[in-house]
Structures are given as C-alpha cells and as structure tokens.
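# Turn this into a structure:
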Amino acid sequence: MERSVGAGHGSRLAMRRLHHSGTRPVKVLLIGDRGHLLADAQGATLAERASDRMWLSTRHGVDLDVLTDLAPVLRAVQGVFRTWRLWRYDVVLVALGEGMDGSRRPRTLARVGDLLEEVLEDAADATEVVVLGPSVDASDRSRHAAAPEDRLRATVGRLGSARVRFRAVDRVEDPVQRSRGWATALGDEVARTVGRLGGMESAAKASALRNRPDDETSRQQALDDLRIVGSGPDPRLDDLVELARNAFGTEAAEINFIDRDRQWKMAAAGAARGEQARSRSYCSFTIQRAEPIVISDAIVDPLLRDTPMVQGPNPVRFYAAHPIESQDGYRIGSFCIYDHEPRDVRGLDLSVLRDLALLAQAEITGADLAPAGAGKHLQRR
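Next up is the predicted model:
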C-alpha cells in the first residue's frame, strides 16, 4: 500500500497514512528511515504497532502520516518541508534507528539539527517534536567519549526549545521485541503530548490553524491530481454510501467533491449521481474546516439559514458530514448523510461517520490504510 505521494505538489516523498477509529483524532507525523520502519518477523510494521499504541495510550482517534524517506530528507534538508504544512500536526516524531543516529556518520547529527530547525519553523506553537534514538549501554560508554545517545541529546539541547525533547529507546536484539519497544516509546510520547494540550492557548491557536480554509489553488490542484471528477461509478464507494444510509437511517448519503464552482457526486444512495452548483452545496461548508459538521435543522442554523440551499423549495434540514482529504491533507470533498426533515443529533456517532469517510479516502487516494477498528464500529450498528 506504500506509494510515492505529494508533499505539497513540489517534492515527492514516500508516505503512508494510517488511521485508528475514534473521535477527536490526534494528528501525528512520523519521520523515519525506510529500513527502520519495515515489517518485522510477525508481519507488522513499526508504524502499525505505533498507531495501535497511540490509540491505547490516548483513547483518541489517530491520524498517523508516515514519511519513510529520512535519509534523502537529511541530505536535502533545506526547505524540504516548506509546502508540507507541519502546523497540521499535534506532534512530529523523528525516529533515528541505528546508523541514522550519528554513530557511523557524525555529519548526520548536524543534518538532524537542521531538520529540527526546519520543523520548528513551520510547525504550530503547540506542535511538539520528539526525537527518538537508541539508548547507550555500558560498553558503548566505555568505547566512546561521546556516545550516540549523548550526541543526540546535545543536538536537541542546542535548539533551546521546550517544544523539542529526546527519548532514548532500549537496544534489543530480537527484531519483534525491538519493534514493540519502539512502538511503545512512540505511543507514550504521543500520549504525553496529548496530556499537555488541554487548556493551552497555543493549542487553541493550532486548532484555529487546522480549521482555516485551505488555499483554494492548492486544494483544487490536489483534487485535479487524483483525476477522479467525472469518472464512472465505483462499486466500492457505492457500497459505502449505502452502508451509511442504512447505518444512520437517513434518506440519503453521498461522497462529494468540490471542483471549482461545482459539486460532483461521486457516489450516492437515495439520490442521483451528477453535479450541482457549488453555491447550493452544503459540502462546500464542510471543506472549510478539518472537523466534521453536524446540523440538526438548517432552517434555524445561523451558518445556513440565509443560504440559497435553505431558502429554496424542499431544503435539506438535517446534514452531517466528514471531510475527505487528498494525500497531502487538502480537503477535497466530504462524506455526508442528510434528511429533508430535522433530526435530534444527540447520540449521533461521529466516529462511525469518520470511519466511513476514511474508508472512502483510502479507496480514493491509495495512500491511506483503512482505519483500524472500523469493522467493529460498523458491525455494532
């Protein structure tokens, strides 16, 4: 499922996107070397184990982006994240496996320092950065005046930022146990970050950044790159909207994309596929923010009551939707459910709606993996 995808449309970095079911997802970027993140003898990758641990540690949903090109990133670190929009993340994890920690190439440490400076420059004030590297045992300290762990700690310390910390991970010979140990460390550091976010003014600023509208030119380019608007029916997407319609008991469910001045219905249950003017699209509001939108009754909703969608005949009254993103995080469309009658939204399970949107996103982008735990949520309904 791993493929090369866009890091802002300029550079090309190998990325996977993993998700865990749940609400209020924590946004994480994991940067590591391809060899360090490969599957272990039990067939699980470090990123997959880490995603599970993050969910267990936080009980939040998890959106984990994994960049496996650490080595080339370090070789060309200047400006590599300029279009990556790191302010989208709650935490950035830099996993330095053996050989990438400066123990063999001292120049690597200088590049790690440059990388961290780049991350801090683009990340939000509330984004925390954690560098993880192998710990030092007694034999290492006896052989080296400055062991790799000490040099990494010093590199982090020279940045002088409270937003960056170092975590040493025990060296273990068994590859499966090593993978589990690293996953535990990554998950614990994410939980530590989440625990510090509540009530912080900087966290509120970060949320405001994430929920501001995307640059329209970049958003449209991300949609154009996928080449899906105007394509024929996709049976798997048709199945998803039918599942949503039945699970929530609504008149209709749709997967829509906002394409310049129109809305394109890629899949629909209880409605016809096709297009309509963007000016009459509820989903044009959905893509304006990163979080799901729920409207109990559009006629009395301050956001929608004066819009053409509501003022016209037979308006949609109840509407709920979750954004669908491109590989590099631009909100290109939405997964929505709706009725022409108002609805009591107490008890509406937004985690199920998120799972369905992420399943559609995985089908559309090819870079996303289906959310872990989605099957249980949907079967329970």
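
# Please enumerate the helices of the stretch 151-300 of the chain.
175-197, 201-210, 216-226, 235-248, 283-286 (DSSP state H, counting those that start in this stretch).

# and residue 371, which of these is closest to it?
helix 235-248 (12.7 Å; CB to CB). To be clear about C-beta, it is placed using only N, CA and C from the backbone, and glycine gets the same treatment.

# and of the helices of the stretch 151-300 of the chain, who's closest to residue 164?
helix 175-197 (11.7 Å).

# Now the closest one: average pLDDT?
For helix 175-197, mean pLDDT rounds to 90.

# What is it packed up against?
In terms of contacts (3 or more CB pairs under 8 Å, 6 or more residues apart in numbering; DSSP states H and E), helix 175-197 is packed against strand 26-32, helix 46-58, strand 91-95, strand 128-134, strand 164-169.

# I'd like these written out as JSON lines, with mean pLDDT added.
Converted to JSON lines, those look like this (pLDDT from 0 to 100):
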{"stretch": "strand 26-32", "mean pLDDT": "93"}
{"stretch": "helix 46-58", "mean pLDDT": "93"}
{"stretch": "strand 91-95", "mean pLDDT": "94"}
{"stretch": "strand 128-134", "mean pLDDT": "93"}
{"stretch": "strand 164-169", "mean pLDDT": "93"}
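
# Output those as TSV; include the columns mean neighbour count and distance to residue 207.
Formatted as TSV, the helices and strands packed on helix 175-197 follow (neighbours: other CB atoms under 10 Å; distance: least, CB to CB, whole Å):
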stretch	mean neighbour count	distance to residue 207
strand 26-32	25	10
helix 46-58	23	16
strand 91-95	26	14
strand 128-134	24	15
strand 164-169	18	21
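
# Please produce CSV containing those, extended by distance to residue 73.
Shown next, in CSV, are these (distance: least, CB to CB, whole Å):
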stretch, distance to residue 73
strand 26-32, 7
helix 46-58, 16
strand 91-95, 10
strand 128-134, 14
strand 164-169, 17
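
# quick one, which of those is nearest to residue 258?
Each of the helices and strands packed on helix 175-197 has some distance to residue 258 by CB to CB; the shortest is strand 26-32, at 22.0 Å.

# partners of the closest one in the sheet?
Neighbouring strands of strand 26-32 in its sheet, by DSSP bridges, are strand 62-67 (parallel), strand 91-95 (parallel).

# How far does that strand sit from its chain's centre?
Centroid separation between strand 26-32 and its chain, computed with CA atoms, centre = their mean, to the nearest Å, is 8 Å.

# residue ranges with poor pLDDT in the protein?
Where the chain drops to pLDDT under 70, the residues are 1-14, 40-41, 98-106, 137-147, 198-203, 375-381.

# can you list the domains in it?
What automatic domain parsing lists as the domains of the chain is 3-210, 216-380.

# So which residue is dead centre in the protein?
When CA atoms, centre = their mean is applied to the chain, the residue found nearest the centroid is residue 63 (3.7 Å).

# Look up which residues are beta-bridged to it.
Under the criterion used (DSSP bridges), residue 63 bridges to residue 19, residue 27.

# which ones are touching it?
Taking CB atoms under 8 Å, 6 or more residues apart in numbering, we find residue 63 in contact with 17, 19, 25-28.

# again, only using 7 Å
19, 25, 27-28 (CB atoms under 7 Å, 6 or more residues apart in numbering).

# try residue 295
Contact partners of residue 295, counting by CB under 7 Å, 6+ apart, are 301, 304, 318-319.

# can you do 6 Å?
301, 319 (CB atoms under 6 Å, 6 or more residues apart in numbering).

# do residue 301 as well
residue 295.

# Please list the outside residues in contact with the one helix or strand residue 319 maps to.
Assigned by DSSP states H and E, residue 319 belongs to strand 318-325. Here strand 318-325 makes contact (CB under 6 Å, 6+ apart) with 282, 286-287, 292-295, 331, 333-339, 342-343, 353-354, 357, 361.

# Same check on stretch 326-343?
Applying CB under 6 Å, 6+ apart, the external contacts of stretch 326-343 come out as 5-6, 88, 214, 219, 222-223, 244, 248, 250-258, 283, 286-287, 296-297, 316-325, 356-357, 360, 365, 367.

# Just the strands from the stretch 251-381 of the chain, written as ranges.
Secondary structure of the stretch 251-381 of the chain (DSSP state E, counting those that start in this stretch): strands located at 252-259, 262-269, 274-277, 293-295, 318-325, 331-339.

# Just checking: what are the partner strands of the second one?
The sheet places strand 262-269 alongside strand 252-259 (antiparallel), strand 274-277 (antiparallel), with pairing taken from DSSP bridges.

# Can you tell me what sits against that strand?
With contact meaning CB under 6 Å, 6+ apart, strand 262-269 is reached by 229, 237-238, 241-242, 245, 253-257, 273-276, 278, 281, 283.

# follow-up on the earlier one: I'd like to know which of the strands paired with strand 262-269 is closest to residue 55.
Ranking these by distance to residue 55, with CB to CB as the measure, places strand 252-259 first at 25.6 Å.

# could you check the angle helix 235-248 makes with that closest one?
130 degrees (axes from the mean of the first three to the mean of the last three CA atoms, to 10 degrees).
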